[in-house]
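# pasting the sequence and the predicted model now:
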Amino acid sequence: MDIIIFDYDGVIVDSLDLVIEIYNELAPQYDLEKLKEKEEFTKFFDHNFFQGLKENGIGPEVYEGLLKEMADRLAREVKDAPLFEGIKEVLKKLSQEYRLLIITSNLSYVIEGALKINDIKEIEEVVGAEKEKSKVKKIKRVEGKYPDSKIYYIGDTTGDIYEGREAGTITVAVSWGFHKKEKLELSEPDYLAITTEELLDIFILDK
């Protein structure tokens, strides 16, 4: 069975506003400036998220604590972040033909709690940042586990697409998340979906 790996935030759940709100509430505790524009946060995802933090002056000695506090808040408030319209039905249909996984820069327990709250049972495994920060390495481990499967990676940022391509997957960008269509096109994904329903068209055509 072939495999579809999803990012979570910005692909399955519309969490950007909630994440930025939590970041801004916690930022002063870490001597960080509050974000005035969404783009100040989404630029962290131009490449690998953790590399993006470091390039913007937020090193591991700061982000480890900050992101743990953010994750704890997200775990409590995840019910306030809505699923993207139609994505739950898309997951159900795709799970009939594909093995579905999530690889994320978030922490696994946050995602697993959100999946439970939203009654999403189709995801076989969640691999979060506590296991490995490089999505390339996480995807490579999946490839090693399923060497005969075709693997796709679905992401909403240019960083997702770059890492998915580096790992050797077929990349699918979605334009309803952190990065918009025009920016995603610069990363040259194999496919670009504008609506959740278009994911079904992509995977039916590529089957």
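Received the coordinates, thanks. Everything numeric here is computed off the predicted structure, so don't read it as measured data.
# could you pull out the strands for the protein?
3-6, 99-103, 123-127, 151-155, 170-174, 191-193 (DSSP state E).
# show me what contacts the residue sitting furthest away from the middle of the chain?
Distance to the chain centre peaks in the chain at Asp31, reaching 26.6 Å (criterion: Cα atoms, centre = their mean). The contact partners of Asp31, taken as Cβ atoms under 8 Å, 6 or more residues apart in numbering, are Val62. (C-beta placed from N, C-alpha, C; glycine too.)
# still on that earlier bit, is it possible to export the strands of the chain to JSON lines including distance to Tyr63, mean pLDDT and mean neighbour count?
Below are the strands of the chain laid out as JSON lines (distance: least, Cβ to Cβ, whole Å; pLDDT from 0 to 100; neighbours: other Cβ atoms under 10 Å):
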{"stretch": "strand 3-6", "distance to Tyr63": "23", "mean pLDDT": "98", "mean neighbour count": "24"}
{"stretch": "strand 99-103", "distance to Tyr63": "19", "mean pLDDT": "98", "mean neighbour count": "22"}
{"stretch": "strand 123-127", "distance to Tyr63": "19", "mean pLDDT": "97", "mean neighbour count": "17"}
{"stretch": "strand 151-155", "distance to Tyr63": "20", "mean pLDDT": "98", "mean neighbour count": "27"}
{"stretch": "strand 170-174", "distance to Tyr63": "25", "mean pLDDT": "98", "mean neighbour count": "25"}
{"stretch": "strand 191-193", "distance to Tyr63": "30", "mean pLDDT": "97", "mean neighbour count": "20"}
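# switch these over to a markdown table; also include distance to Leu67.
Formatted as a markdown table, these follow (distance: least, Cβ to Cβ, whole Å):
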| stretch | distance to Leu67 |
| --- | --- |
| strand 3-6 | 20 |
| strand 99-103 | 16 |
| strand 123-127 | 16 |
| strand 151-155 | 19 |
| strand 170-174 | 23 |
| strand 191-193 | 28 |
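# nearest to His47, of these?
Closest to His47 of these, according to Cβ to Cβ: strand 151-155, at 12.0 Å.
# shaky segments in the protein?
205-207 (pLDDT under 70).
# thinking again about what came up before, roughly how far apart are the residue farthest from the centre of the chain and Gly59?
12 Å (Cβ to Cβ, to the nearest Å).
# what does Ile5 give?
28 Å.
# same check on Gly10?
Taking Cβ to Cβ as the criterion, Gly10 is separated from Gly59 by 24 Å.
# repeat for Ile123
Using Cβ to Cβ, Ile123 is found at 32 Å from Gly59.
# what is the neighbour count of Phe36?
Just to correct that, residue 36 is Lys rather than Phe. 8 (other Cβ atoms under 10 Å).
# next, give phi and psi for it.
Main-chain torsions, Lys36, degrees, to the nearest 10: phi -100, psi -30.
# if we can go back for a sec, can you tell me which of the strands of the chain comes nearest to Lys135?
For Lys135, the closest of the strands of the chain is strand 99-103, at 5.6 Å, according to Cβ to Cβ.
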